[in-house]
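Undergrad: how does the following fold in three dimensions:
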Amino acid sequence: MEANKVSFDILAQFPALITTDRLILRPIRWEDENDIFEYASKPEVAQFMSWSAHRTIEDTRAFLKFLEDVEGKRLQIDRGIILKEENKLIGTIAFVTVDFDLLMGELGYCLSPRYWGHGYIVEAANAMIDAGAKYLNLHRVEAQCEIDNYKSERVMQKLGMQQEGVYRKRLPVHGEFCDAKIYAKILK
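TA: Here you go, the predicted model:
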């Protein structure tokens, strides 16, 4: 139980706001539901995800409730990606797991296709990784993608991550377990 309290206390130190040249990373709010629905309802966004494209705003609200629950329990760190020039949430980024024994975090991200190809995920991920090293004392960051998700794989490469292997039947994608490429970066 003591280890859980330590983990909770350390996660609580992670900054609520992180700013970059073009972005603000901040906690996701209920009022973000329309921006999230706008991209989470697109099949191309959900194609390689464990979840299906949101069909109704209620699907988005269920997602927000899930985030509220895991954030409240300090099980992961989620941030909305706000494009400064539009003051709009364009995606999300998270440490979906943090292992304090191994000082390792797993990064996950999702972005509106309208903003693909502009370097926003790389910018947001670099900021999260820097904060993870500083506030969580992480020495390693991992990310994984479904084996055919070349865009996500390219993001990991741009972050300076190296492919370490392929996990067979690792990722749940639309009811099936798919092979996943695992990438990692050593921070310290």
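Undergrad: what segments of the chain are helices?
TA: Secondary structure of the chain (DSSP state H): helices at 2-12, 33-40, 43-46, 57-72, 120-135, 150-158.
Undergrad: tell me which of those sits nearest to T20.
TA: Comparing those against T20 with Cβ to Cβ, the closest turns out to be helix 120-135 (5.1 Å). For glycine as for every other residue, the C-beta is placed from the backbone atoms N, C-alpha and C.
Undergrad: the closest one - what's its average pLDDT?
TA: Confidence over helix 120-135, taken as the mean pLDDT, stands at 97.
Undergrad: dump the helices of the chain into CSV; add distance to L107 as well.
TA: Converted to CSV, the helices of the chain look like this (distance: least, Cβ to Cβ, whole Å):
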stretch, distance to L107
helix 2-12, 15
helix 33-40, 19
helix 43-46, 17
helix 57-72, 15
helix 120-135, 6
helix 150-158, 9
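Undergrad: out of those helices, flag the one nearest D21.
TA: Taking Cβ to Cβ as the criterion, helix 120-135 is the member of the helices of the chain that comes nearest to D21, at 7.2 Å.
Undergrad: about what we covered before: quick one: which of the helices of the chain is nearest F95?
TA: In this view, these are compared for proximity to F95 by Cβ to Cβ, and helix 120-135 is the closest at 6.3 Å.
Undergrad: before I go, just wanted to say thanks for your time.
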